[in-house]
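# Okay, sequence plus prediction incoming.
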Amino acid sequence: MPRILTPPRRYTPAAPSRLQRCELAADERSPGRLRGWITGLLDDWQLGRLSDDLVLIATELATNALRHGGTAALATLSLSGSDRTSRVLRLEIRDSGPGFDPRECIPATDGGDLAESCGGRGLLLVAALSSRWGALDTGAGQLVWAELAVD
């Protein structure tokens, strides 16, 4: 049975040692471009081993932002910490859509009909692959973020 994680309510941005941004056009090709951008950055940062998980997370979050927000979005990838302290890789996707409460959109595992859920399995994947994730109403849209611990 899949474990459902409730995202934290508080958003606590890390002080990044590396930070990059990528604008996503409001079209179906943007998640693919985002995957290439992330793979290149992680290779440059010598974190290619995290690429598969982060690319899947990014695809789910960007697709949701573009599908439900209906406008362009902004992706931010940051790496905080140092080699001597615990490092965290954080992906943020910000859009100007109406937003959602992620706790209401994670499909129930108690025999509920997945077809009746509001989103499918995407946020379950994000919850399973990330060390932390959440959503924040920005007042002008929504910011959804996910973090991966860097070993």
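That came in fine, so what should we check first? Numbering: from 1, shown residues only.
# The host helix or strand of Leu136: how far from the chain's middle?
Leu136 belongs to strand 132-137 when elements are defined using DSSP states H and E. Distance, stretch centre to chain centre, for strand 132-137: 9 Å (C-alpha atoms, centre = their mean, to the nearest Å).
# That strand: partners in the sheet, and parallel or antiparallel?
Paired with strand 132-137 in the same sheet, following DSSP bridges, are strand 142-150 (antiparallel).
# Now the partner strand: buried residues?
Buried residues in strand 142-150, counted by 16 or more other C-beta atoms under 10 Å: Gln142, Leu143, Val144, Trp145, Ala146, Glu147, Leu148, Val150. Every C-beta, even on glycine, is put in place using the N, C-alpha and C of the backbone.
# what do you get for stretch 60-72?
Neighbour-count burial for stretch 60-72 flags Glu60, Leu61, Ala62, Thr63, Asn64, Ala65, Leu66, His68, Gly69, Ala72 (criterion: 16+ other C-beta under 10 Å).
# now, which of those residues sits nearest Leu123?
Glu60 (7.1 Å; C-beta to C-beta).
# For that closest one, which residues are in contact?
Contact analysis of Glu60 by C-beta atoms under 8 Å, 6 or more residues apart in numbering lists Gly122, Leu123, Leu125, Val126.
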